[in-house]
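1. With the input below, show me the fold.
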Amino acid sequence: EKLHFSYLIMGILFIIIVSVLLVGIWANYESSKNNLEANAYRLHAITESYINNSFRMIDAGLTIYDNTFNEDMQDAFVIVMDAYNQSGGDPSRMDLESLKSRIRGMDIYIFDSQSIIKYTTNPSDLNLDLSVVSPDYHVWLQSIRNTSGFYPDRVCQNYVEGVLTKYSYMPTPDHQYIIELGLVSDKFAGERMVVQYSDVVGDIRALNPYLEDVLLFQSQKRLVYNTSYIPTPEESAMLDYLLKENRTTQVVRDPMFKKTIIWIPVDLRNQEYPADMSIFSKLTYDDSLLSGELRQLAILHGFTAMLVLLLGGVIAFMVSRRISKPIEQFASDVDAIAAGDLNHTIQPVHGYELSNLAKKTGIMVERLKEQIRKREASEQRFMDLVQLLPVGVFESDPDGNITFANPAAFELFGSNLYTSFQGINIFSSII
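-> Numbers count the residues shown, from 1 in each chain. You can find the predicted model right below:
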């Protein structure tokens with residue numbers, strides 16, 4: 001079937017317009033999607049880097065602060081060691097409570113060769129076995145047992161109550177015991193808490209909208225600022241893995257709840273101190289936010305694609321009509337002329353080619369009309385000549401039926417000029 005030119009043009013334009021725009025929309029969608037995902041991952045990386053760097057800076061400042069108490073604790077060890085020597089190396093003969101009052105309330109802990117607290121001013125820690133509670137501490141204590149000197153530690157939470165305490169150690173001269181002093185000060189809850197990990201957490205929460213929750217654990221598997229928190233079995237297992245096997249970032253994905261959990265160990269171990277001040281950050285990201293943003297992006301581009309289809313159809317229709325209307329008008333004029341109306345006027349059309357074609361067609365029609373007039377005049381002269389000839393002239397069809405005869409032919413056949421030759425056959429007449 002023949003297709004209208006306007007439909008052909010409209011279809012071609014629609015395909016071109018829609019194809020180009022849809023390819024552009026798809027490319028923009030892919031680019032926007034990749035940028036959105038890249039920005040989210042980059043934001044995660046910045047968050048994790050910020051936590052690592054910030055915690056290290058905080059720890060550096062706290063180390064300086066903790067060391068300001070070293071001199072007082074060294075002075076206290078002089079008094080305690082003098083009492084130990086006076087007891088003949090028998091801690092049971094030492095008046096620990098009296099010594100505590102003399103050294104500004106510092107608690108005294110005396111470890112035996114098995115790292116068990118055999119004597120102390122803190123009853124809750126009596127008989128605490130560090131080889132069980134903290135094997136790393138036990139190993140460290142054994143490493144200094146046969147040495148001499150002062151070994152300061154950091155301010156950290158004690159094992160039982162979780163109270164911030166500044167510890168220091170000194171082996172006895174006979175290397176039978178290791179004496180530990182524990183300083184608890186109200187300043188720790190004030191001066192030492194000026195710079196807090198919670199400030200960093202607040203900053204990263206404001207920085208990263210995908211961050212749902214942040215938990216900070218210490219090496220004792222206690223939650224920072226909340227010693228009563230009990231880790232879940234999953235958290236406890238991950239902390240054991242990070243503490244004992246691999247202190248690198250671990251990623252746990254939960255597609256069912258659309259969560260991503262990232263464990264970031266900030267390894268703050270220092271060979272100069274027995275306490276492990278490392279922080280283990282558990283960051284929970286809400287993946288549904290990014291999925292929602294990607295879904296909104298897809299909907300927006302899908303809606304844009306629908307508008308493009310509609311707009312492409314309108315533009316294709318308007319342009320096709322603009323192109324095909326002059327052609328249709330010219331074709332209609334040509335049809336009228338072809339039907340025999342040589343006097344039909346060809347309407348002016350837009351466009352150089354069509355205008356030139358219409359003009360040339362008009363000239364062709366005028367020439368045709370001139371030729372027709374000349375032919376009609378020639379035929380009239382021929383008819384006049386035939387009518388005056390004294391010789392009979394007639395025409396017949398292939399079957400011999402007479403279709404025309406001049407007056408002389410009528411006389412020849414004995415008919416007058418007004419008699420019709422209807423039904424007369426030349427062959428029968430001749431025979």
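2. what helix or strand is residue 45 on?
-> helix 5-67 (DSSP states H and E).
3. scratch that, residue 230 is what I was asking about
-> Using DSSP H and E, no helix or strand contains residue 230.
4. how near is it to residue 197?
-> 20 Å (C-beta to C-beta, to the nearest Å). Placement of C-beta: from N, CA and C, glycine included.
5. For my notes, confirm residue 154 occurs in a strand.
-> Yes: checked against DSSP: H, G, I helix; E, B strand; the rest coil, residue 154 lies within a strand.
6. contacting residues for it?
-> 62, 63, 66, 166, 167, 273, 275, 277 (C-beta atoms under 8 Å, 6 or more residues apart in numbering).
7. I'd like these as CSV, with neighbour count and pLDDT appended.
-> Listed next are the contacts of residue 154 as CSV, based on neighbours: other C-beta atoms under 10 Å; pLDDT from 0 to 100:
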residue, neighbour count, pLDDT
62, 17, 88
63, 16, 90
66, 22, 90
166, 27, 92
167, 23, 93
273, 19, 90
275, 24, 88
277, 22, 89
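8. Pick the one among the residues you listed closest to residue 260.
-> residue 277 (27.1 Å; C-beta to C-beta).
9. Now the closest one: closest residue in space, sequence neighbours ignored.
-> Residue nearest to residue 277 in three dimensions, not counting chain neighbours: residue 268, with 4.3 Å by C-beta to C-beta, 6 or more residues apart in numbering.
10. Would you mind listing the residues in contact with the one you found?
-> Contact analysis of residue 268 by C-beta under 8 Å, 6+ apart lists 55, 56, 59, 276, 277, 278, 279.
11. just checking, what packs against the helix or strand hosting residue 327?
-> Counting by DSSP H and E, the element that carries residue 327 is helix 287-338. Counting by 3 or more C-beta pairs under 8 Å, 6 or more residues apart in numbering; DSSP states H and E, the packing neighbours recorded for helix 287-338 are helix 5-67, helix 352-388.
12. distance of residue 210 from residue 264?
-> Where residue 264 is concerned, residue 210 sits at a distance of 15 Å (C-beta to C-beta).
13. Does residue 315 touch residue 9 like I think?
-> No: look at residue 315 against residue 9 with C-beta atoms under 8 Å: they stay out of range, at 11.9 Å.
14. neighbour count winner among these two?
-> residue 9 (19 against 16; other C-beta atoms under 10 Å).
15. Residue 324 is in contact with the more buried one, correct?
-> Yes: using C-beta under 8 Å, residue 9 is in contact with residue 324, at 5.7 Å.
16. And residue 83, how far from residue 90?
-> According to C-beta to C-beta, residue 83 stands 11 Å off from residue 90.
17. and the two? which has more neighbours close in?
-> Neighbour comparison, residue 83 and residue 90: the larger count goes to residue 83, with 19 against 9 (by other C-beta under 10 Å).
18. Tell me which residues are up against the host helix or strand of the more buried one.
-> Assigned by DSSP H and E, residue 83 belongs to helix 70-86. For helix 70-86, contacts defined as C-beta under 8 Å, 6+ apart pick out 91, 94-95, 99, 102-104, 106, 108, 150, 152, 166, 168, 170, 172-173, 177, 179, 181, 183.
19. For ChimeraX, write the selection for the buried entries among those.
-> The buried residues among the contacts of helix 70-86 can be selected in ChimeraX (16 or more other C-beta atoms under 10 Å) with this line:
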select :91,94,99,103,106,108,152,166,168,170,172,177,179,181,183
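20. Among the contacts of helix 70-86, name the ones in helices.
-> Among the contacts of helix 70-86, the members falling in helices (DSSP state H) are 99, 102.
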